[in-house]
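Enquirer: Sequence and predicted structure below; questions after.
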Amino acid sequence: MKRKILIIFCSILLVGILLTGFLSLSLIKANYSNLLDDKIYTIIGLSIIIGLLASFVLAYRFINKMVGPLVEMTEATKQISDGDLTKRISVNSSDEIGKLATNFNNMAIRLSETIKELSESNINLSAVLTSIINPIIAVDNNHRIVLINPAAEQLFEVSAEEAKNKHILEVFRNNILDEELTHILENKIERQIEIFVKIPQEKILKIYTNLIKPKNQPDKIIGVVVLIQDVTEIRKLEKMRSGFVANVSHELRTPLTSISGFIETLKSGAIDDEKTKRRFLDIIDIETERLTRLIDDILTLSDIENTKHRDTRQKILTSDSIIEVEEIMKSVAKAKGIEILSEIESNLPALYGNRDWFKQMMINLLDNAIKYTISGGKVHIYAYEKYNKIFISVKDSGIGIPKSDLPKLFERFYRVDKARSRKVGGTGLGLAIVKHIVLSFDGKIKVSSEKGKGTEFTVIIPINNAVK
């Protein structure tokens, strides 16, 4: 018996992926002429094809509904990892995929808020560190720098980018600090030390250290914060103060010892000898005067250095004030056989400052010139305006000053020739007083000298700076 076979082929395509193979359906057509004809088989075949196509469409939509959000989440994850924290996933269902998308969006929101908080915290921390004038460095347990503020960058002449993750010895070339950090971390203690460094200038630095501990793990040490204070100027001032006190004590002790010695001698019987008594009393009088001058100079210097007194600004008729002091000092010079000559421009611009200090400056300069000029010598005074400044020079024909002594000439109690200075009645404070008075007028003082030929002091006061 003859049979007819109906064969149907259909390729399967799901979500853009062509599956290898075909769906093959075979129907054996018997000779059922009495029941069915060829049209029935055609209808059956078409129905099967339509059913399969409908199944594939439904499967595609179902799979696309499942896979689509996952693809969107993958793309969103990539965008967030690239820094776009505003990316969100659309939620179109309440099933597991929808819940996953909702959780993903919530996670992105929390991540964005956390990063924003951290960013604000870092900005605040950066602002605080920038406002701190003292250098600050934070290092980890391996002594590697994790943080450095602008003050520390300036001190060590290095940027934060260059310093980060470097060993502290690469930035701060001082083994003492490195050894201290090791000691601090090993013993879990905090210390204060002072070290001497060259970076590149010589400095004395005071180091404060604090251990870094996590808030939730107080027993764990993760590094050290190093705060640095430059105490170079403070130590210099302390040294100067100590030296000043020692010098004052010595200068006061010398006349007091002399006075005390002569008084004891007089009490022991020398007072009965009229000639001896007169000589001793004259010496006591001289030493008393020297002691008085010394105390007066100390008080004057203290007064000048006290900045609150600089608010006293009086109009100073420059030419008249210089001439007035010249007349006062002429009698002193004449008694020693010294001539004072002057070239003072008339009507020099007025200065504004402490009038008494200005006169004291001129008296000290002229007195110094007279003391160190031998009889028959000359002292010249020059005063003129140039470059919107007033120049005042006092030049003598005295013994001169060695060049090696010139840089120290304005220091307190510094004397080129101590024996001669005491002999002529110097306290060692005259030029120091002059220097500070000149500074109170925003001016400067220069000195030039040649041993055996004399010395010239030149005061330069800016007119504009003086008028305030």
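Expert: Arrived safely, thanks for sending.
Enquirer: Tally up the residues packed near the closest residue to residue 271 other than its chain neighbours, please.
Expert: Nearest residue to residue 271, sequence neighbours excluded (C-beta to C-beta, 6 or more residues apart in numbering): residue 277, at 5.1 Å. To be clear about C-beta, it is placed using only N, CA and C from the backbone, and glycine gets the same treatment. By other C-beta atoms under 10 Å, 15 other residues sit near residue 277.
Enquirer: go on, residue 153?
Expert: When counting by other C-beta under 10 Å, one arrives at 18 neighbours for residue 153.
Enquirer: What helix or strand is it located in?
Expert: Element membership of residue 153 [criterion: DSSP states H and E] is helix 150-156.
Enquirer: Now do the contacts for the residue positioned nearest the centre of the chain.
Expert: The residue lying closest to the centre of the chain (C-alpha atoms, centre = their mean) is residue 151, at 4.2 Å. Neighbouring residues of residue 151 by C-beta atoms under 8 Å, 6 or more residues apart in numbering: 132, 133, 134, 135, 136.
Enquirer: which pair in the residues you listed spans the largest distance?
Expert: Greatest spacing in the contacts of residue 151, by C-beta to C-beta: 133 and 136 (10.1 Å).
Enquirer: Run the chain-centre distance for stretch 166-184.
Expert: When distances are taken as C-alpha atoms, centre = their mean, to the nearest Å, stretch 166-184 is centred 20 Å away from the chain's centroid.
Enquirer: Now do the phi/psi pair for residue 83.
Expert: When read as degrees, to the nearest 10, the backbone of residue 83 gives phi 110, psi 0.
Enquirer: How many neighbouring residues does it have?
Expert: Neighbours of residue 83 under the rule other C-beta under 10 Å: 7.
Enquirer: now swap in residue 224 and tell me
Expert: Residue 224: 21 surrounding residues under other C-beta under 10 Å.
Enquirer: Now name the helix or strand holding it.
Expert: strand 223-230.
Enquirer: can you pick the most crowded of the contacts of residue 151?
Expert: Counting neighbours by other C-beta under 10 Å, residue 135 leads these with 22 neighbours.
Enquirer: isn't that residue right up against residue 152?
Expert: Yes: counting by C-beta atoms under 8 Å, residue 152 is a contact partner of residue 135 at 3.5 Å.
Enquirer: on that earlier part again, which one of the contacts of residue 151 is nearest residue 359?
Expert: Distances from residue 359 to these, taken by C-beta to C-beta, are shortest for residue 133, at 40.6 Å.
Enquirer: How about that closest one: what's its closest non-neighbour residue?
Expert: Of all residues not flanking residue 133 in the chain, residue 151 sits nearest, at 5.9 Å (C-beta to C-beta, 6+ apart).
Enquirer: any idea which helix or strand comes after the helix or strand where residue 342 lies?
Expert: Using DSSP H and E, residue 342 maps to strand 339-344. Per DSSP H and E, the first helix or strand lying C-terminal to strand 339-344 is strand 351-353.
Enquirer: So what are the sheet partners of that following strand and their directions?
Expert: strand 314-316 (antiparallel) (DSSP bridges).
Enquirer: in the protein, which spans are helices?
Expert: Taking DSSP state H, the helices of the chain run over residues 38-81, 96-131, 150-156, 160-163, 168-171, 175-187, 232-267, 274-305, 318-335, 355-371, 418-423, 430-440, 463-466.
Enquirer: So which of those helices is nearest residue 349?
Expert: Residue 349 lies closest to helix 463-466 among these, at 5.0 Å (C-beta to C-beta).
Enquirer: and the closest residue to residue 448 other than its chain neighbours, how many neighbours does it have?
Expert: Spatial nearest neighbour of residue 448, chain neighbours left out: residue 456 (5.2 Å); criterion: C-beta to C-beta, 6+ apart. Neighbour count for residue 456, taken as other C-beta under 10 Å: 16.
Enquirer: Where does the prediction get shaky in the stretch 1-150 of the chain?
Expert: Scanning the stretch 1-150 of the chain for pLDDT under 70 picks out 1-41, 43-45, 47, 51-52, 54-70, 85, 89, 91-95, 97, 118-131.
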